[in-house]
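# what's the 3D shape of this:
(2 chains)
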Amino acid sequence: GAVVSQHPSRVICKSGTSVKIECRSLDFQATTMFWYRQFPKQSLMLMATSNEGSKATYEQGVEKDKFLINHASLTLSTLTVTSAHPEDSSFYICSVRRGYEQYFGPGTRLTVT
Amino acid sequence: AQSVAQPEDQVNVAEGNPLTVKCTYSVSGNPYLFWYVQYPNRGLQFLLKYITGDNLVKGSYGFEAEFNKSQTSFHLKKPSALVSDSALYFCAVRPMEYGNKLVFGAGTILRVKS
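Okay, the predicted model is just below:
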């Protein structure tokens, strides 16, 4: 398998501030990482595909300037929620693909007050 | 359009009884099929997958799933449920023609009562 970590696990921030979430692939060099968003009692929605050394590919309807993704190395991708608002409060999960399988991080709970 | 349906929002079963969590899909071509489990405030854990070969696949924690191509289904099963199996279960497919992106079902809450 693959071990994926996220930091922080929980973050509370004030409206208008920016928050950075880290996703690390601990035992596997991932050229591609995926960022998902999950609302309570709902399924995962793919936000973007993070590519090492190049620009991320965003899904339709996801604001590129609001959700900044940087995949600077084969083991680290970051998601920065800029100028966060209460409606950005959600559970953010990253994922890496290894072979046929996809492995998920433990998630980050973002609460914007 | 590619889609995954989990028709039951919630499945209730008594401990020790068999359980089934249903999943059907609509994709073009031959998809890869997956089941994941999610515990509260946690990420998804991989349970099992179907890529090719035997239609009955066995996975983690005693779970298995049967791929039925004619019915486009991939139901998750376990012969004897445990209270600790209570969680949120997601079926997912990765269509061959959709840029290799996972498409998730809406999820099914499994509640196992002692």
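
# every contact and neighbour count from this point should use C-alpha atoms.
Noted.

# which ones are touching B:Tyr32?
For B:Tyr32, the contact set (CA atoms under 8 Å, 6 or more residues apart in numbering or on different chains) comprises B:Lys49, B:Tyr50, B:Ile51, B:Val93, B:Arg94, B:Pro95, B:Met96.

# one more time with 6 Å, if that's ok
B:Tyr50, B:Ile51, B:Val93, B:Arg94 (CA atoms under 6 Å, 6 or more residues apart in numbering or on different chains).

# just checking, A:Tyr103 touches B:Phe34?
No: contact between A:Tyr103 and B:Phe34 fails when scored by CA atoms under 6 Å: they sit 11.4 Å apart.

# of the contacts of B:Tyr32, which ones also sit close to chain A?
Among the contacts of B:Tyr32, no residue sits close to chain A (CA under 6 Å from any CA of the partner chain).

# most neighbours, which of these?
Among these, B:Val93 has the most neighbours (other CA atoms under 10 Å in any protein chain shown), with 27 neighbours.

# am I right that it is in a strand?
Yes: counting by DSSP: H, G, I helix; E, B strand; the rest coil, B:Val93 is found in a strand.

# pLDDT at it, what is it?
pLDDT recorded at B:Val93 is 92.

# likewise the one 3 residues further on?
Per-residue confidence for B:Met96 comes out at a pLDDT of 71.

# my reading is that it lies in a helix. Confirm?
No: using three-state DSSP, the assignment for B:Met96 is coil, not a helix.

# ok, now which ones touch it?
The contact partners of B:Met96, by CA under 6 Å, 6+ apart, come to B:Pro31.

# measure how buried the residue of chain B found nearest chain A is and give me the count.
Nearest to chain A, among the residues of chain B, is B:Gly43, at 3.9 Å (CA to the nearest CA). B:Gly43 is flanked by 24 other residues according to other CA under 10 Å.

# same question, B:Asn17
Neighbour number of B:Asn17 under other CA under 10 Å is 12.

# same question, A:Tyr92
Using other CA under 10 Å, A:Tyr92 has 27 neighbouring residues.

# beta-bridge partners for the residue nearest to it when sequence neighbours are not counted, please?
Nearest non-adjacent residue to A:Tyr92, counting by CA to CA, 6 or more residues apart in numbering or on different chains: A:Arg37, 4.6 Å away. Here A:Arg37 sits in beta bridges with A:Met45, A:Tyr92, going by DSSP bridges.

# show me what contacts A:Gly99?
Listed by CA under 6 Å, 6+ apart, A:Gly99 has no contact partners.
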